[in-house]
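>>> The sequence and its predicted three-dimensional model are supplied below.
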Amino acid sequence: MRDLDAACIFFRDGAGVEMGPGKEWRPIRHMDMHLANVFTEKNEDSMGSDGEPVFRKGTFPAEEFPRIILSDFDQPCFDLQGPGDDYQDNPQHYRNNGTSADLDNGASLSAPETYSNLTGEDRERRLDSTVDVWSIGQIAWNLILNVLGWRGAMHYQEPFLDGHGPDGERLTNGEACTDENLDEGLLQGTAPLEVSARYSNTLKIVVRLCLRYDQQGRIALDDLRGIIDASIADPPPTQAVSDLMMIIPDDLESMRRGHRRSAAGAGLDDESDGRRSKKARDSESEDPEET
């Protein structure tokens with residue numbers, strides 16, 4: 001969360017970027033932050049237990065986590081119109097059509113206010129860095145619960161309230177979700193999502209603050225950074241700080257940075273020996289009526 005927060009602060013402030021005469025930095029919104037667009041890189045002084053070049057099971061000491069790399073910059077945007085212009089492009093030009101229920105793709109992981117069928121908020125409120133704050137929260141939610149994609153989608157699940165199915169209780173289903181809903185129904189450690197009980201209350205509170213339906217109620221990037229830094233410097237006493245193990249599935253090995261994806265990894269004939277991937281063979285052997 002710290003690295004993602006730092007990236008969003010840079011997008012907002014442009015610290016260190018030299019602008020030309022008469023020009024000023026305009027805050028940028030990433031607008032497409034989700035797990036499929038977040039990668040990890042080993043620290044230069046911490047290569048993991050497997051070493052190079054294959055990184056399938058990397059173990060990192062508690063103070064040497066891998067660096068986070070944010071990708072996919074085809075949707076980031078900044079306001080084209082100035083504050084004093086008669087016509088304003090923000091927010092109407094940067095919203096998705098419909099609600100998240102209409103979008104079975106990465107766009108359905110965006111904050112509630114990015115949808116045209118928004119309810120319960122000011123329709124003319126500008127989109128700002130709180131859009132990305134929401135995304136940081138949903139990424140953390142996915143990591144805490146290890147919840148996979150909705151209906152088999154390639155992207156990861158949108159946050160939903162504990163004890164409810166993802167269809168009706170998603171936080172971006174077009175219906176306003178109150179702060180009380182989040183506090184009482186998100187990351188409570190109830191079945192079937194008991195795993196969240198193993199994480200600190202501080203982390204879960206922060207995630208809820210990121211996922212507030214009303215963008216004005218979300219935690220600010222700078223405040224988020226302060227809480228994260230304080231928690232790293234002085235972890236909650238009931239939470240053990242342990243090493244981090246990252247396990248990369250075999251079918252993702254061909255997608256590591258700088259590596260050309262093999263034909264087998266795509267389910268095609270392998271160029272070296274003509275074999276097909278196990279996933280492709282299993283798929284072909286299934287009875288269509290049984291699936």
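Thanks, I have it. Numbers count the residues shown, from 1 in each chain.
>>> Is Leu4 in contact with Ile68, as I believe?
Yes - the criterion here is CB atoms under 8 Å, and Leu4 meets it with Ile68 at 6.2 Å. The C-beta positions use only the backbone N, C-alpha and C, and glycine is treated the same way.
>>> residue ranges of the helices in the stretch 101-250 of the chain, please?
130-145, 179-185, 201-210, 221-233 (DSSP state H, counting those that start in this stretch).
>>> winner for burial among these?
Comparing the helices of the stretch 101-250 of the chain by mean neighbour count (mean count of other CB atoms under 10 Å), helix 130-145 ranks first with a mean of 23.
>>> related to what we said a few turns ago, would you list the helices of the stretch 101-250 of the chain in TSV and tack on distance to Leu80 and mean pLDDT?
TSV is the format used below for the helices of the stretch 101-250 of the chain (distance: least, CB to CB, whole Å; pLDDT from 0 to 100):
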stretch	distance to Leu80	mean pLDDT
helix 130-145	17	91
helix 179-185	33	89
helix 201-210	27	94
helix 221-233	23	92
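>>> In JSON lines: those helices, plus distance to Ala36.
JSON lines is the format used below for the helices of the stretch 101-250 of the chain (distance: least, CB to CB, whole Å):
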{"stretch": "helix 130-145", "distance to Ala36": "10"}
{"stretch": "helix 179-185", "distance to Ala36": "24"}
{"stretch": "helix 201-210", "distance to Ala36": "18"}
{"stretch": "helix 221-233", "distance to Ala36": "22"}
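>>> How much space separates the closest residue to Leu161 other than its chain neighbours from Arg170?
Once flanking residues are discounted, Leu161 sits nearest to Gly185: 3.7 Å by CB to CB, 6 or more residues apart in numbering. Plainly put, Gly185 is 12 Å away from Arg170 if you go by CB to CB, to the nearest Å.
>>> With Cys177 instead?
As defined by CB to CB, Cys177 lies at a distance of 9 Å from Arg170.
>>> cool, and Arg2?
Distance from Arg2 to Arg170, by CB to CB: 27 Å.
>>> and the closest residue to Ser135 other than its chain neighbours, which of the three is it?
Distance criterion CB to CB, 6+ apart; nearest residue to Ser135, sequence neighbours excluded, is Met33 at 3.5 Å. At Met33 the chain is in coil, as set by DSSP: H, G, I helix; E, B strand; the rest coil.
>>> Can you give me the neighbour number for the closest residue to Cys177 other than its chain neighbours?
Of all residues not flanking Cys177 in the chain, Tyr213 sits nearest, at 4.3 Å (CB to CB, 6+ apart). Neighbours of Tyr213 under the rule other CB atoms under 10 Å: 23.
>>> likewise Tyr94?
Neighbour tally, Tyr94, other CB under 10 Å: 19.
>>> repeat for Phe160
Close neighbours of Phe160, defined as other CB under 10 Å, add up to 24.
>>> Next up, the contacts around the closest residue to Arg26 other than its chain neighbours.
Nearest residue to Arg26 in three dimensions, chain neighbours excluded: Phe78, at 4.1 Å (CB to CB, 6+ apart). By CB atoms under 8 Å, 6 or more residues apart in numbering, the contact set of Phe78 is 26-29.
>>> likewise Thr40?
66-69, 246.
>>> Most neighbours of all those, which one?
For the contacts of Thr40, the largest number of neighbours (other CB under 10 Å) sits with Pro66, at 18 neighbours.
>>> Mind pulling up the pLDDT for it?
pLDDT for Pro66: 74.
>>> Look up the residues forming beta bridges with the nearest residue to it once chain neighbours are set aside.
In this structure, Pro66 finds its nearest non-sequential neighbour in Thr40, 4.2 Å apart by CB to CB, 6+ apart. In this entry, Thr40 is beta-bridged to Ile68, by DSSP bridges.
>>> and the gap between Thr40 and Arg218?
Counting by CB to CB - Thr40 and Arg218 are separated by 25 Å.
>>> and what of Gly82?
Separation of Gly82 from Arg218 (CB to CB) stands at 25 Å.
>>> The residue nearest to Gly14 when sequence neighbours are not counted: neighbouring residues, count only.
Leaving aside its sequence neighbours, Gly14 sits nearest to Trp25 (CB to CB, 6+ apart; 3.5 Å). Using other CB under 10 Å, Trp25 has 14 neighbouring residues.
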